[in-house]
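Chemist: structure, please.
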Amino acid sequence: MLRYLPVAAAVVSCTLWLFSCQTASKEKPVSDSTVAAALPDSTGLRDLRYHDQQQIERVIYGFCEHFDNGDLHKCVEFMDDNIRGEVDGVKLKGKTNWTAKIDSLLMSTRNTHYQPRHLISNMQFYPGINDTVRVTMYASTLWTDLTNGQIQLMQVGYYKGKVVRKDGKWLITVLNSLPDSRLVKQFYQDVQGAEEILR
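Modeler: Numbers count the residues shown, from 1 in each chain. Okay, here's the model as predicted:
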């Protein structure tokens with residue numbers, strides 16, 4: 001009889017443990033937790049936002065890749081009709097204006113021996129109203145000299161813009177490149193202005 005006592009004790013303790021687990025889960029189910037109560041429908045929204053973020057990233061990356069490769073006609077696919085801004089010195093004033101400038105832009109780069117590349121990181125999204133999202137990101141532009149393979153860092157800074165969703169597609173409606181060189185100029189102007197005040 002004594003030799004069955006450890007087995008009986010083990011069975012009783014397992015039963016008590018299972019019972020306590022079931023009771024605990026009934027007392028505080030996940031749906032009643034404070035986290036779930038604080039964010040009742042957040043799962044669906046988070047999934048939707050993540051999906052939209054992925055689509056917005058594809059639009060920005062697609063625009064930059066075609067811009068770098070000289071496929072300026074394909075850049076139009078990512079633009080809203082009223083796009084505005086300035087990207088690396090190229091002014092954006094509506095899709096029609098961009099299309100009219102494509103040939104002259106291509107002619108200006110035809111005889112160059114440089115391959116530009118945009119490196120984009122730290123993309124941030126700020127949802128707005130009327131299916132618009134503000135987007136900011138770091139952007140660096142590299143040029144590869146195709147004659148000797150040298151790589152040169154042309155500009156570092158960030159892009160700021162806005163995308164809008166129309167007919168289920170995200171399109172760029174504002175895009176501006178803001179190189180850090182303007183901050184350097186501003187810094188030196190501020191320092192010179194401060195020195196003049198101190199004199």
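Chemist: show me the contact partners of the helix or strand hosting residue 140.
Modeler: In this structure, residue 140 is located in strand 132-145 according to DSSP states H and E. Here strand 132-145 makes contact (CB atoms under 8 Å, 6 or more residues apart in numbering) with 52, 56, 60, 88, 113-128, 150-165, 170, 173, 177. Every C-beta, even on glycine, is put in place using the N, C-alpha and C of the backbone.
Chemist: just the helices from the protein, written as ranges.
Modeler: 5-27, 34-38, 42-68, 72-75, 95-110, 181-198 (DSSP state H).
Chemist: hey, least reliable of those by pLDDT?
Modeler: Lowest mean pLDDT within these: helix 34-38, a mean of 37.
Chemist: residues contacting residue 150?
Modeler: Applying CB under 8 Å, 6+ apart, the residues near residue 150 are residue 144.
Chemist: can we see that at 10 Å?
Modeler: Residue 150 is in contact with 114, 143-144, counting by CB atoms under 10 Å, 6 or more residues apart in numbering.
Chemist: can you report phi and psi for it?
Modeler: Main-chain torsions, residue 150, degrees, to the nearest 10: phi -70, psi 140.
Chemist: any idea how far it is from residue 65?
Modeler: 22 Å (CB to CB, to the nearest Å).
Chemist: which one's the longest strand in this protein?
Modeler: Ranked by residue count under DSSP state E, the longest strand found in the chain is strand 151-166.
Chemist: taking helix 42-68 as reference, get the angle to that strand.
Modeler: Angle, strand 151-166 to helix 42-68, by axes from the mean of the first three to the mean of the last three CA atoms, to 10 degrees: 130 degrees.
Chemist: for strand 151-166, name the packing helices and strands.
Modeler: Helices and strands touching strand 151-166, by 3 or more CB pairs under 10 Å, 6 or more residues apart in numbering; DSSP states H and E, are helix 42-68, strand 79-87, strand 114-127, strand 132-145, strand 169-179, helix 181-198.
Chemist: can I get those in TSV including mean neighbour count?
Modeler: Putting the helices and strands packed on strand 151-166 into TSV (neighbours: other CB atoms under 10 Å) gives the following:
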stretch	mean neighbour count
helix 42-68	15
strand 79-87	17
strand 114-127	14
strand 132-145	17
strand 169-179	19
helix 181-198	10
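Chemist: so for residue 108, which of the ones you listed sits nearest?
Modeler: Closest approach to residue 108 among the helices and strands packed on strand 151-166 is made by strand 114-127 (12.0 Å; CB to CB).
Chemist: for the closest one, which strands pair with it and how are they oriented?
Modeler: Using DSSP bridges, the strands paired with strand 114-127 are strand 132-145 (antiparallel).
Chemist: what's the mean pLDDT across the partner strand?
Modeler: Strand 132-145 comes out with an average pLDDT of 93.
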